[in-house]
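Q: with the sequence up front, the predicted model follows.
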There are 4 protein chains.
Amino acid sequence: METAKMPYWGFVKDPIYGYIRLTEVEKSIIDTLAVQRLRRIRQLAGAEYVYPAANHTRFEHVLGAMYLAGVVADNLPINLSAEEKQKIRLAALLHDVGHAPFSHLFEPMLLKFLHRSHEDMSSWIIADSDLTDVISAQGYDPKDLSSLAVGKPGSSDKRFLGQIISSSFDVDKMDFVVRDSYHTGAGYGFVDVFRLIYTMDILDGNLAVDITALPALESLILARFESFRAIYFHRACRAVQMMLLRALELAKDDLQILGIENPDQYLEWDDFSVWSKLVQNARSTKILRDLSQRKLLKCAYEKTFFVRDELVSSVFTNENVRAQLEEEIARKSGVPVEDIGIDVPSLPSVPYHNAFAIGPIDIPVFSKSRSGAMIPEKITELSKVVDVLQVFMNIIRVYTSEKYRERVGDAATKVLGEAPLSNTLSY
Amino acid sequence: METAKMPYWGFVKDPIYGYIRLTEVEKSIIDTLAVQRLRRIRQLAGAEYVYPAANHTRFEHVLGAMYLAGVVADNLPINLSAEEKQKIRLAALLHDVGHAPFSHLFEPMLLKFLHRSHEDMSSWIIADSDLTDVISAQGYDPKDLSSLAVGKPGSSDKRFLGQIISSSFDVDKMDFVVRDSYHTGAGYGFVDVFRLIYTMDILDGNLAVDITALPALESLILARFESFRAIYFHRACRAVQMMLLRALELAKDDLQILGIENPDQYLEWDDFSVWSKLVQNARSTKILRDLSQRKLLKCAYEKTFFVRDELVSSVFTNENVRAQLEEEIARKSGVPVEDIGIDVPSLPSVPYHNAFAIGPIDIPVFSKSRSGAMIPEKITELSKVVDVLQVFMNIIRVYTSEKYRERVGDAATKVLGEAPLSNTLSY
Amino acid sequence: METAKMPYWGFVKDPIYGYIRLTEVEKSIIDTLAVQRLRRIRQLAGAEYVYPAANHTRFEHVLGAMYLAGVVADNLPINLSAEEKQKIRLAALLHDVGHAPFSHLFEPMLLKFLHRSHEDMSSWIIADSDLTDVISAQGYDPKDLSSLAVGKPGSSDKRFLGQIISSSFDVDKMDFVVRDSYHTGAGYGFVDVFRLIYTMDILDGNLAVDITALPALESLILARFESFRAIYFHRACRAVQMMLLRALELAKDDLQILGIENPDQYLEWDDFSVWSKLVQNARSTKILRDLSQRKLLKCAYEKTFFVRDELVSSVFTNENVRAQLEEEIARKSGVPVEDIGIDVPSLPSVPYHNAFAIGPIDIPVFSKSRSGAMIPEKITELSKVVDVLQVFMNIIRVYTSEKYRERVGDAATKVLGEAPLSNTLSY
Amino acid sequence: METAKMPYWGFVKDPIYGYIRLTEVEKSIIDTLAVQRLRRIRQLAGAEYVYPAANHTRFEHVLGAMYLAGVVADNLPINLSAEEKQKIRLAALLHDVGHAPFSHLFEPMLLKFLHRSHEDMSSWIIADSDLTDVISAQGYDPKDLSSLAVGKPGSSDKRFLGQIISSSFDVDKMDFVVRDSYHTGAGYGFVDVFRLIYTMDILDGNLAVDITALPALESLILARFESFRAIYFHRACRAVQMMLLRALELAKDDLQILGIENPDQYLEWDDFSVWSKLVQNARSTKILRDLSQRKLLKCAYEKTFFVRDELVSSVFTNENVRAQLEEEIARKSGVPVEDIGIDVPSLPSVPYHNAFAIGPIDIPVFSKSRSGAMIPEKITELSKVVDVLQVFMNIIRVYTSEKYRERVGDAATKVLGEAPLSNTLSY
């Protein structure tokens, strides 16, 4: 357990870390509408259709991220004040507060119609909701916290604080890789995150990792990669998400989802309320009924490819390109275009942000000389595993309904090329 | 993994047991509205307010119970046909299909207004919903299955089949004790259920346990007992349930919850839909807003007692007795009676049902002679732990709002006697 | 991880607690002959014949006990100095340093011929071996530490320090219950020891437990009880121990085991050296050859009984009584008396020592008033589970070789009464 | 649990897989001197100096490998007879029976002086020890089994049977990666081996993996790789092994280790007997005394490099090359050459043997067409992770005693080039 130097309120029990100590400040912020709402937002929308136990929520995840942020702050070999430690824990606690229902699923609509990412929503909520007053009353600056919560520290000299929240080995990833594996049972996330944390240091102002923790870092990056393949990008999981997205698009005008004028309206949306509305809405109810009987879209074609260049990757994720390909497959198969859906989940497998002086994918690592001085090292030279995972993984899939599966599969093969499609069944 | 002799469809991954094999029959029944609905009914309504990770659902529980039922059937040292094994797995799969939203919480209302238990609802649903046709189409008798699913085998000579589903050491309890501990992190449910299962046999027609598995049986019973205290009967967990129950009572006429005429209407109720309706309903919205900020009722008084006699226990759980005591505390404290709530969760700690020839709390155990013959033993003589846990645990608590806590506590002490109230804080 | 305020040397990884931080002082004491020798003393001599994975040693156990002692010291709501915390960690580290080879097995011989218990050996070693100088050089008093290491604090006003090392819920028991379960896989030791530790306080000078941690305490006591039955007192495990003990008795004069004059000679004995000597010794080699092929003594008779009175229990463990019963069974069966062995493992299931003002079996527990004051409670009133487990568990077994099994079994039944003997096979 | 169609004897409990069912045949073979001896051979000699809990033995490992072999045999989609299944389980049980004391440590001496590998020893023992008669008595052919136990099936058409025992994803590796991680706590071995096993099939006579299990395969290969770095090749672990090896070389003439004439003599060597002899031998006792106080050789220089070519790798592991480099460092540092030791642990990270038709490092993988036909795929094209891990990892380390550390470090840098040496301390 970390050492909290702030007056603490009590404990909460977590299946991953055991007892998590809460300060009075944290308790008051946790008990706001904005944070409690995360109890009704599942961490992995759709994954429960593949892994029945994957019902965990953003709420337990943010508690876990807060805990890890405290452990990092307590173990960094520099002097952080009790206030700084409290602030970094709060930032981790609030980093997901802007999440839309069904986690990432809703986000394309936020971007398309409201021109806001979930991080923008977080900032908005921290600055203008019941959270705002509580944060101020506790003596913290909501503006400041809303920046740090999305990985942007206020002052440039402490950018490592932002990297604790948002980088390739931030507390968000360390928690979700371990937690998603625990609740799904998928088995890719047993990572020794404490090895990583106990060797962290500050190198040129950036959060950096001792090369003695390289095996733990490689495990984390591979675990994240495999989790994407086995959980987040799972064929059936993506089918559920496509169906939910279609339902949302059909019902969006009736539901006035896009007319929100303030954070309070946004906070009324959660998995419970949106699901219930979609069930009742005449336009979306058929899709919801299919979901309620696990009649999912079927994958007629699948091809995975890995590229190192973001540009190449982004072509395939372009909406217009997808629409054009759908048209072509429709024409070739004689299946109505509305029954064909191309899905291209894409992932930069080793993201690294918020490091001003360094390239986008270089994780700062160091060795130590006999005198104890830190010597910067190049991770891609030290670790071929990290190097090779620095790719954008793309999967192109063509979905359709059961009855059209074969025809669409054949047409997609003509349009997109041969691809193996293993059909070993798993739920 | 168990041996399924029926044609199987594929696997599903569970965090407790690993890969669970599904037959084609099971897959078709799992993909009905009735079973899929269990995805939206949490296993432990209210417990997530104490254990943030406790968001698991009845859906994963019934898959687990089905798995264990198969392991029992495969390991019993008698010849069961493939059909019997399939039937017992299906019965376990369907045993919770009648559950109301928020699990057990809704049940008093079902009983009071509809005069049906959740087991009655299960039978009704199996006999008259989309399930019914699917079961028939697969060649099984819905009537038969609906009996077995609530622990009542069709023919008297195989009562042990019913006991696999419903007894002191049934697959329901074995699964939930382990699973609830896993997802809460509470830590009481690591029970070696396979030790129990691998030594089971049939004694005089009843499912019985070899005394060599006594330590595992004692662990199961203690784990169930501690789980009740630490999870299901937790002070804050019960506060959430009382609040939800009040909200339901306030909104029941508007929601027409009690006007259901067929199983299909009942199946529309789940945690998502009922929560959303309670949020929108003018009568219940205040309580829901309190819940959404974790402003819970406070426990002003608490006393635990253990009795061996069901009669004594039932006095305290009598609704009229409770009402009378609330009146008296209101009078003595000057607090309005509607701000006072007495809660008396009650538990027969070692339930045993469905065994015609034996008493209600005797678990059949046996030793084996050198020749291999089973010799019946008396469990209460062999195990003082089981004996002492054969009590009804009752907790009397008086809840009120924060501001009345002290006054109500004092009045309750006068009415109900002195009691320790430990106030170490936990979430 | 606990907060060490002493200069620390580094980490060591433990499968139970993760990273254990070591101070420079601890490192220097760990790297002595006396402590390193514990690497060659298995925690559970004989248990590996039942649980093949049970090869863990006293060495990892004392590191674990040291870790827990630090967590207790860090979390007690009183001010302990850095030196006191270091001392209590060292006491836990050294508490098993006097252990004989094959753990407890050797101990009756120590008592019989050297008139010393393993605790006396610990004191002797701490006061007169390579340890002594290292302890002094680090600024600690060997005498002082040698008392505390066996649960006897130097000054009477801090007796709770001794109870951290030796009581019903000491760090020794908390560690071994969890660790033995982990390495055996027996499955009885998943106890939430941190719940216990985080609520500990000092009541009238004694280490005491908050009643909110009662479920964790009950779990610990039951886990210890079941571990005795399923591991330490397992029929085959005791058979191995009886065989080793016989081998030792046969070879003792040749091996000059009883001629030790100083701790250094004693420290040369470990599992490796004693096993090797017994293999080579002409008198004991046959028994060792049997062990090496897992030809174990067979249990011909077994009876378990529980008594509340230590006196009754001690009658059955009396060596002369056993010898007399062996004679009688030999006479009745016609089997040579040297082929008959009576084993009576005995256990006070809830030991409590070193508390001057209180009875032998009362664990101090308290509730808290609304004002925060500790109110002493009586554990046997609050917990029927603890009450019922406050017994001495005795098992009488009669062992013989395979060929005499039936004859000895029959004779033992005549002498000692009927008893069930379940013969379900497990390794 | 797997289905054993042979008459079974009972269960044994394993912490990794739970209950392992043993047949009568297996029980009789397990209870031989040759197999029971594995109880006294630790799985990881030296690793316990870094991971105190790493005391597990070859005995539990071979039980685990036997269990997994049974699961593979039960799940392969072909018809194997009960005898074939039994044979493959026995082969896994016996695959390590020839292991020398301190596991792999002794092996260079076996090769150098006896010109036998541990696999040769296994064959010798199976063909000519107490095992031989037991195997024959049970109706199996010792010759046959001794081939299969080292991965060489008797008849060429079933080479996949050999690959179950010896290949890149054999039951040996699957078990040790998981088990070593469990007992060390190192945290790299949580691999979903059942995913791999449940998708295995036979492709052109070879054991092959469905590409849907690629994530599990990648995890296994990375876990093995990280385990080498973090456990087997750990700096302190190798120091212990070097010291033990030196002690053996010094004492070898006195101990007559190299004069064995039959398997029975060899079987007398185990960790217990060899350690005890080295302690008593005048030439080796000083090194043993250092080990007994954890005074280890210190690493003065370390450089890791990865090559794809076995030839390059083998240069560095050549004994003469090492001797020459040691001379040069001695000259440059002025330190006696006997106080300098170069260690070059080397590992082909993705070994693949015993597949006649295919290259040394190609793991057979397949996809499935819509019709269910297996389509061979190329793993290095599908998995960049496997591709990049197909290297030989080499670490060059120069060890010396504490006092010479700096001088030797400087000289080694001149001879071998600059290298980072992180000195974060861990036990």
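A: Yes, it's here.

Q: what's near enough to touch A:E327?
A: A:V337 (C-beta atoms under 8 Å, 6 or more residues apart in numbering or on different chains). Where you see a C-beta, it was placed from the backbone N, CA and C, and this is true even at glycine.

Q: sorry, that was for A:I375
A: With C-beta under 8 Å, 6+ apart, A:I375 has these contacts: A:366-369, D:420.

Q: gap between stretch A:294-305 and the chain center?
A: 22 Å (C-alpha atoms, centre = their mean, to the nearest Å).

Q: hey, C-alpha coordinates of that stretch in CSV?
A: C-alpha atoms of stretch A:294-305 as CSV (Å, rounded to 0.1, in the frame of the first residue of the first chain):
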residue,chain,number,x,y,z
ARG,A,294,-26.9,-12.5,-29.6
LYS,A,295,-27.8,-12.5,-33.3
LEU,A,296,-24.7,-10.7,-34.4
LEU,A,297,-23.4,-9.5,-37.7
LYS,A,298,-21.1,-12.1,-39.2
CYS,A,299,-17.6,-11.5,-40.4
ALA,A,300,-17.4,-12.6,-44.1
TYR,A,301,-13.9,-11.5,-44.7
GLU,A,302,-10.9,-10.6,-42.5
LYS,A,303,-7.4,-9.5,-43.2
THR,A,304,-4.8,-8.3,-40.8
PHE,A,305,-1.8,-6.1,-41.7
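
Q: enumerate the residues of the stretch 151-300 of chain A near chain C.
A: By C-beta under 8 Å from any C-beta of the partner chain, the residues of the stretch 151-300 of chain A that approach chain C are A:194-195, A:198.

Q: and if we set it to 7 Å?
A: A:194, A:198 (C-beta under 7 Å from any C-beta of the partner chain).

Q: which of the helices and strands in chain A ranks last by mean pLDDT?
A: When the helices and strands of chain A are scored by mean pLDDT, DSSP states H and E, strand A:346-348 comes last with a mean of 59.

Q: let me know the closest of the contacts of A:I375 to D:D264.
A: The nearest member of these to D:D264, counting by C-beta to C-beta, is D:P420 at 49.7 Å.

Q: give me phi/psi at the closest residue in space to A:I126 that isn't next to it in sequence?
A: Sequence neighbours aside, A:S146 is the residue nearest to A:I126 in space, at 3.8 Å (criterion: C-beta to C-beta, 6 or more residues apart in numbering or on different chains). Per-residue torsions, A:S146: phi -70, psi -30 (degrees, to the nearest 10).

Q: return the backbone torsion pair for A:D210.
A: phi -70, psi 140.

Q: setting aside sequence neighbours, what's the nearest residue to it?
A: Looking at A:D210 with C-beta to C-beta, 6+ apart, the closest residue is A:T199, at 3.7 Å.

Q: so what pLDDT did the one you found get?
A: Looking at A:T199, its pLDDT stands at 92.

Q: surely A:F194 and C:Y19 touch.
A: Yes. Between A:F194 and C:Y19 there is a contact under C-beta atoms under 7 Å: 5.8 Å.

Q: which stretches of chain A form strands?
A: Counting by DSSP state E, chain A has strands at residues A:8-14, A:18-23, A:201-203, A:206-210, A:298-307, A:341-343, A:346-348, A:365-368, A:374-377, A:392-400.

Q: in terms of mean pLDDT, which of those strands ranks lowest?
A: strand A:346-348 (a mean of 59).

Q: burial count for A:D264?
A: Around A:D264 there are 14 other residues, counting by other C-beta atoms under 10 Å in any protein chain shown.

Q: just to revisit the earlier point, can I get the contacts of A:I375 in JSON lines including neighbour count and distance to A:A53?
A: Shown next, in JSON lines, are those (neighbours: other C-beta atoms under 10 Å in any protein chain shown; distance: C-beta to C-beta, whole Å):
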{"residue": "A:F366", "neighbour count": "21", "distance to A:A53": "39"}
{"residue": "A:S367", "neighbour count": "19", "distance to A:A53": "41"}
{"residue": "A:K368", "neighbour count": "19", "distance to A:A53": "42"}
{"residue": "A:S369", "neighbour count": "13", "distance to A:A53": "48"}
{"residue": "D:P420", "neighbour count": "16", "distance to A:A53": "43"}
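
Q: is it possible to get TSV of those that adds distance to D:D74?
A: Conversion of these to TSV gives the following (distance: C-beta to C-beta, whole Å):
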residue	distance to D:D74
A:F366	49
A:S367	48
A:K368	51
A:S369	55
D:P420	49
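
Q: out of these, the closest to chain C would be?
A: Closest approach between those and chain C, by C-beta to the nearest C-beta: A:K368, at 13.3 Å.

Q: my read is that that closest one contacts A:P376, right?
A: No. Counting by C-beta under 7 Å, A:K368 sits too far from A:P376 to count as a contact (11.2 Å).

Q: re the thing from before, please identify which pair of the contacts of A:I375 lies farthest apart.
A: Checking the contacts of A:I375 with C-beta to C-beta, the most distant pair is A:F366 and A:S369, at 9.9 Å.

Q: one step back: among the strands of chain A, which is nearest C:A300?
A: strand A:18-23 (46.7 Å).

Q: where's that closest one relative to the chain centroid, distance-wise?
A: With C-alpha atoms, centre = their mean, you get 24 Å for strand A:18-23.

Q: who are the packing partners of that strand?
A: Applying 3 or more C-beta pairs under 7 Å, 6 or more residues apart in numbering or on different chains; DSSP states H and E, we find strand A:18-23 packed against strand A:8-14, helix C:193-198.

Q: lovely, talk soon.
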